[in-house]
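In: Sequence first, predicted model second:
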Amino acid sequence: MSSETLPAAVSPAKLAAAARFSLLKTAVIAIVLIALFVQALIVVQAQPAELITGIHGMADILSRSLPPDVSSFPAQLWPVLETIDIALFGTFFGVILALPLAWLAARNTSPAPAVYHGARAVISICRSVPDLVWALLFVTAVGLGPFAGALALTIHSVGMLGRLLAETIEDMDMGPMDALSSTGAARLQIFTHAVVPTVLPSLLGITLYRLDDNIRSSLVLGFVGAGGIGFQLLTAMNLFDYRTVSLLLIITFVLVLGAERLSAAVRKRVL
C-alpha cells in the first residue's frame, strides 16, 4: 500500500458553509445586476406607455414616406460618391499616419519610454474624441463640405488603427528585427524591411474592417455639414420630405450592405 496520506474527508459542516457562501455570492451578484438595470431605466426615463401611444405618429411618417421618391435618385449619386470617397480618404491616410505612430507606441519597438508614452497619448486622444466631434472642429476650420468629414475620419482612424497596430507589433515575431539589428541596419530600414512585412497580413485585415466602419461613419458626418448622404438626409428631414428620406435610407442600406460584402470578399481572397 502507498504510504501517502489520504486526504481527509470534508466535513458536512464545511460543505454546507461553502454552499451557503456560493448562494450568497450568487444573490449579491443578482441584486447588483438588478440594481444596475433599475437605475438605467430611471436615468433614461424609460416610459414604454408613451412609445405605445406614439405608434400612430410613427405610422403616419411611414405612410408619408411611401413610395420612395425615385425621381430624385440621379441627384443622390454625387452625395453617394462623396460618402464613399470620404471613407476611402479617411482610411488611406489613417493607415499612412497610424503605422509609424503604432511603431513608436509598441513597447518592443519604441526607442524610449518618453516616446512610447507620447505616442500612446496621441493615439488615445485621436480615439477618445468621437469622429462627429472631430467633424465639427474641422468644419469650423475648413468650412462645410466633404473635406472636413474626410479629415475627421482620418484623425479618428489614426486612433483606432494605431492602437490595434501597436498591439499587433507587440505580439509579432522579433526574429526579423533582431536579424536586421545584428547587421547594423538603421531604424527606418528595420521598420520597412522587418516590421511592415511581418504585420502586413494583420494590417490588411484591420484596414478592411476600418474601411467598412468608416463608410458607416461617413453617413452621419453630413449631419454636421461634412458632406455625403448625411447632409442630404438632414436636409430632407428638415423639409419634411419623407419620400426622399425613405429613398436615402434605402440607398444607405444598399451602400452599407455592399461595403460589408465587398470587405468580406476581399478578406477571403487576400488573407
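Out: Structure's in. What do you need?
In: Wait, P100 touches F191, no?
Out: Yes. Between P100 and F191 there is a contact under C-beta atoms under 8 Å: 7.3 Å. Bear in mind the C-beta positions are built from the backbone N, C-alpha and C, glycine included.
In: So between those two, which is more surrounded?
Out: When P100 and F191 are compared for neighbours, F191 comes out ahead with 19 against 16, by other C-beta atoms under 10 Å.
In: since we're on the nearest residue to the more buried one once chain neighbours are set aside, how many residues are nearby?
Out: Excluding its sequence neighbours, the residue lying closest to F191 (C-beta to C-beta, 6 or more residues apart in numbering) is W103, at 5.8 Å. W103: 23 surrounding residues under other C-beta under 10 Å.
In: what's the pLDDT at W103?
Out: We have a pLDDT of 83 for W103.
In: Then L151?
Out: 91.
In: Now it: which helix or strand?
Out: When elements are assigned from DSSP states H and E, L151 belongs to helix 146-170.
In: Using PDB, write down the CA coordinates of stretch 216-231.
Out: Provided in PDB are the C-alpha atoms of stretch 216-231 (Å, rounded to 0.1, in the frame of the first residue of the first chain):
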ATOM      1  CA  ARG A 216     -20.900  53.800 -41.900                       C
ATOM      2  CA  SER A 217     -19.400  56.700 -40.000                       C
ATOM      3  CA  SER A 218     -19.300  59.000 -43.100                       C
ATOM      4  CA  LEU A 219     -23.100  58.600 -43.400                       C
ATOM      5  CA  VAL A 220     -23.700  60.600 -40.300                       C
ATOM      6  CA  LEU A 221     -21.000  63.100 -40.600                       C
ATOM      7  CA  GLY A 222     -23.200  65.000 -43.000                       C
ATOM      8  CA  PHE A 223     -25.400  65.900 -40.100                       C
ATOM      9  CA  VAL A 224     -22.800  68.500 -39.100                       C
ATOM     10  CA  GLY A 225     -22.200  69.700 -42.600                       C
ATOM     11  CA  ALA A 226     -19.400  67.300 -43.600                       C
ATOM     12  CA  GLY A 227     -21.000  66.300 -46.900                       C
ATOM     13  CA  GLY A 228     -22.200  63.000 -48.200                       C
ATOM     14  CA  ILE A 229     -25.600  61.300 -47.900                       C
ATOM     15  CA  GLY A 230     -26.000  62.500 -44.300                       C
ATOM     16  CA  PHE A 231     -26.300  66.100 -45.300                       C
END
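In: Contacts for it, please.
Out: For stretch 216-231, contacts defined as C-beta atoms under 8 Å, 6 or more residues apart in numbering pick out 76, 79-80, 82-84, 86-87, 90, 131-132, 135-136, 138-139, 144-149, 152-153, 156, 232-234, 248, 251-252, 255-256, 259.
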